[in-house]
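In: coords please:
(chains A and B)
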Amino acid sequence: RKEVEQDPGPFNVPEGATVAFNCTYSNSASQSFFWYRQDCRKEPKLLMSVYSSGNEDGRFTAQLNRASQYISLLIRDSKLSDSATYLCAVQEGGGADGLTFGKGTHLIIQP
Amino acid sequence: GAVVSQHPSRVICKSGTSVKIECRSLDFQATTMFWYRQFPKKSLMLMATSNEGSKATYEQGVEKDKFLINHASLTLSTLTVTSAHPEDSSFYICSASPGTGGPGEKLFFGSGTQLSVL
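Out: Presented below is the predicted three-dimensional model:
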């Protein structure tokens, strides 16, 4: 059974702070990993793919640890607009496979 | 990025009626589309994989006779919720990939359909 686990939060974080989320996955055959952002009652929007070497996009940094089967997302200098639910997603194979999502981590940035 | 259009965005219907949701890839062809369902404060759950020109593949626990999927062209997949009941009320969302099925391909999502069954 494919499982993706996340701490649901909420994480209440002051503006400007750094916050990190982890996500674990059970299927060791998983090949592709993503972080999505979802606002209330909206579709998830791709934030970034996650690679073994780690990757950074502005204030966001994602890491993959295959040995321990977890991925992480770090947000630096958090903004009020970062408030959302962050979903990690795992794909077993390629684009022909659906994504398995975690339940999401709710982030609230406070002024 | 690629655009996936989903309609309607919201539908309210009476119990026992059927509801059709459309998912279109506007600027690419999608051999495969995916249908997800999300209950409040829950994760998106994959319901089925829609394959153009062939039968859909349903996830365990999803009734194929209740959730009819048609993928008649490379740009359109439809999900019909037949004989809807209040417990079918949920956020339904489709996704598609413009790629060839390789690892790491990004999936793009429609804007979702909020179904409320009275």
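In: Enumerate the residues of chain A near chain B.
Out: Taking C-beta under 8 Å from any C-beta of the partner chain as the measure of proximity, chain A contacts chain B at A:4, A:31-32, A:34, A:41-46, A:49, A:87, A:91, A:93-96, A:98-104. For the C-beta atoms, the positions are set from N, CA and C on the backbone; glycine is no exception.
In: For stretch A:30-43, buried residues please.
Out: A:30, A:32, A:33, A:34, A:35, A:36, A:37, A:38, A:43 (16 or more other C-beta atoms under 10 Å in any protein chain shown).
In: Could you give the bridge partners of residue A:89?
Out: residue A:34, residue A:101 (DSSP bridges).
In: Touching, it and residue A:38? I think so.
Out: No. Residue A:89 is beyond contact range of residue A:38, at 10.6 Å (criterion: C-beta atoms under 8 Å).
In: For the two, list the residues in contact with both.
Out: The overlap between the contact sets of residue A:89 and residue A:38 (C-beta atoms under 8 Å, 6 or more residues apart in numbering or on different chains) consists of residue A:44.
In: so can I have a markdown table of the buried residues of stretch A:30-43 showing pLDDT?
Out: Listed next are these as a markdown table, based on pLDDT from 0 to 100:
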| residue | pLDDT |
| --- | --- |
| A:30 | 88 |
| A:32 | 88 |
| A:33 | 92 |
| A:34 | 93 |
| A:35 | 95 |
| A:36 | 94 |
| A:37 | 95 |
| A:38 | 94 |
| A:43 | 91 |
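In: Check which helices and strands the helix or strand containing residue B:71 sits against.
Out: Residue B:71 is located in strand B:67-73, with elements delineated by DSSP states H and E. Other helices and strands packing on strand B:67-73, by 3 or more C-beta pairs under 8 Å, 6 or more residues apart in numbering or on different chains; DSSP states H and E, are strand B:32-38, strand B:44-51, strand B:76-81.
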